[in-house]
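Trainee: Here is a sequence together with a model predicted from it:
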Amino acid sequence: MDWDDLKLFLAVARAESLSGAGKALRVDPATVGRRVARLEEALGARLFAKSPQGYALTEAGARILAHAEAAELAVTGAAEELRGQDQGLTGQIRIGAPDGCANYLLPQVLARICDANPGLEVQIVALPRVFNLSKREADMAIGVSRPVTGRLTVQKLADYSLSLAATEGYLAAHPPITAPEDLHAHRVIGYIPDMIFDKELDYLGQLGLTQVPLASNSVSVQLNWLRHGAGVGVVHDFARPSAPELARVLPALRLTRSFWLIRHADDGRVARLNRFADQLAAEIRKEVARLEAAA
């Protein structure tokens, strides 16, 4: 069985389409289709069932999947051993993260890691949703909740705090806020309620606020609304140094959340990813502490 054919099989299984697999591997989709057909012929079994929704694994394909993933890990591990740890981290790593973390923590953290490892390439996928690591949408993901299902390993990165904030101009032009119940008389900025993908992001719900006149699924959009004096909302304290025009509202009121590093369980055998995860955890803890102290 050809490893290159197995690699294509894995890409189709994860992307659920020939075009998605081709894009991931930089191979023409027609070539992907021919190679998958060749693998199916060699094995004497159909590995995928095609439908309008895409390519789904058949029972035979599902049985092959675990062996293909094991082969992938073996090839990766061999390359890591030959490369040697003394050369630093190399290759490409993709991280999925919620956009608050992706915008205000990861750029500087990963810049430092890449400075120390010139052969390393990092991609940040900043999307407000949960990532599917089994389909290799990312090599690892940062989440705000600890997952309780799936073949995953989870490592706590850091606790972080959030505060209510608004511009001095907004606060001067509107009724004073001396208690959480006063927020009902204000234009509140937050997440679109039905697009909150994790209960830990329901900050306003924790404060008893159900009406959100200005809402976005993007932390950056919310922060920019606040910076332009559009209302009052919850801000990551590690993002506040980038928005010095914002003042804390109800300073004694702080929300605390945590970041978790989530990886596929099989990747625990990949030394390169383990070393990267250790460096990422150390740098994120340091950066959160630095930025919150400056806020």
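Mentor: Here it is on my side, so go on. This one's a predicted model, so the numbers in the text were calculated from it and none came from an experiment.

Trainee: Check which helices and strands the host helix or strand of Ala252 is in contact with.
Mentor: Using DSSP states H and E, Ala252 sits within strand 246-264. Helices and strands touching strand 246-264, by 3 or more Cβ pairs under 8 Å, 6 or more residues apart in numbering; DSSP states H and E, are strand 140-143, strand 152-167, helix 168-173, strand 232-236, helix 271-294. (Glycine included, C-beta is placed from N, CA and C.)

Trainee: what's the closest of these to Leu8?
Mentor: Ranking the helices and strands packed on strand 246-264 by proximity to Leu8 (Cβ to Cβ) places helix 271-294 first, at 22.4 Å.

Trainee: mind checking how far the closest one is from the chain centre?
Mentor: Centroid displacement of helix 271-294 relative to its chain, using Cα atoms, centre = their mean, to the nearest Å, is 15 Å.

Trainee: Now do the buried residues in that helix.
Mentor: 272-273, 276-277, 279-281, 283-285, 287-288, 291-292 (16 or more other Cβ atoms under 10 Å).

Trainee: Now do it and strand 152-167, the angle between them.
Mentor: Using axes from the mean of the first three to the mean of the last three Cα atoms, to 10 degrees, the inter-axis angle of helix 271-294 relative to strand 152-167 is 20 degrees.

Trainee: the inter-axis angle of helix 271-294 versus strand 232-236?
Mentor: Per the same axes, to 10 degrees, the angle that helix 271-294 makes with strand 232-236 is 130 degrees.

Trainee: Check what contacts helix 271-294 and list those residues.
Mentor: By Cβ atoms under 8 Å, 6 or more residues apart in numbering, the residues outside helix 271-294 that reach it are 76-77, 80-81, 83, 85, 89-91, 93, 95, 104-105, 108-110, 112-113, 116, 120, 139-140, 155, 157-161, 237-241, 259, 261, 263, 267-268.

Trainee: Just give the nearest non-adjacent residue to Leu106, would you?
Mentor: Excluding the flanking residues, the one nearest Leu106 by Cβ to Cβ, 6 or more residues apart in numbering is Ile124, at 5.5 Å.

Trainee: need the helices for the chain, in chain order.
Mentor: Secondary structure of the chain (DSSP state H): helices located at 3-15, 18-25, 29-43, 59-83, 99-104, 106-116, 168-173, 203-206, 219-227, 271-294.

Trainee: Of the ones you listed, which is nearest Val144?
Mentor: Of the helices of the chain, nearest to Val144 by Cβ to Cβ is helix 99-104, at 8.4 Å.

Trainee: among the buried residues of helix 271-294, which two are most distant?
Mentor: Arg272 and Glu292 (30.5 Å).

Trainee: Now do Lys50: how many residues are near it, please.
Mentor: 12 (other Cβ atoms under 10 Å).

Trainee: what pLDDT does Asn132 get?
Mentor: The score at Asn132 is 69. That number is its pLDDT.

Trainee: Equivalent analysis for Leu280, please.
Mentor: pLDDT, Leu280: 96.

Trainee: sorry, back to before: who are the neighbours in contact with the residue nearest to Leu106?
Mentor: 94-95, 97, 102, 106-107, 110.

Trainee: Let me know the closest of those residues to Leu47.
Mentor: Arg94 (25.2 Å).
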